[in-house]
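J.: Sequence below, structure please.
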Amino acid sequence: MRRLPDWVSTTRYGLLVILGAINCLLEEERSVLVISDPRYGLESITSPRPVCQDLVRQIQHCVIRAKTDALLIHFI
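T.: So this is what the prediction gives:
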């Protein structure tokens, strides 16, 4: 487990946690349930103008990769 810098915004933190969960899923090749709070971290993934675009692109890429590998991700 790694520690995030103290200056990380709440949205960025939420997105980093989501990205970490998805990366674990891809490494272990199994489906996962991602429970995220606050909600705006999840909302930014599908937003046309997301905050932290770099992280959102990484998450979207990983989700596509998971779908290609027939892995299931549930976001709540």
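
J.: so where's this protein uncertain?
T.: 1-8, 37-38, 40 (pLDDT under 70).

J.: what are the ranges of the helices in the chain?
T.: 10-28, 39-46, 53-68 (DSSP state H).

J.: Need the ones you listed in JSON lines (columns: distance to residue 75 and mean neighbour count).
T.: From N, CA and C alone the C-beta is placed, and that goes for glycine too. What follows is these, written out as JSON lines (distance: least, CB to CB, whole Å; neighbours: other CB atoms under 10 Å):
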{"stretch": "helix 10-28", "distance to residue 75": "8", "mean neighbour count": "17"}
{"stretch": "helix 39-46", "distance to residue 75": "5", "mean neighbour count": "16"}
{"stretch": "helix 53-68", "distance to residue 75": "9", "mean neighbour count": "15"}
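
J.: Make CSV out of the ones you listed and add distance to residue 76.
T.: Shown next, in CSV, are those (distance: least, CB to CB, whole Å):
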stretch, distance to residue 76
helix 10-28, 12
helix 39-46, 8
helix 53-68, 15
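
J.: Now do the same contact list for the closest residue to residue 72 other than its chain neighbours.
T.: Using CB to CB, 6 or more residues apart in numbering and skipping the chain neighbours, the partner closest in space to residue 72 is residue 31 (3.9 Å). Neighbouring residues of residue 31 by CB atoms under 8 Å, 6 or more residues apart in numbering: 25, 71, 72, 73, 74.
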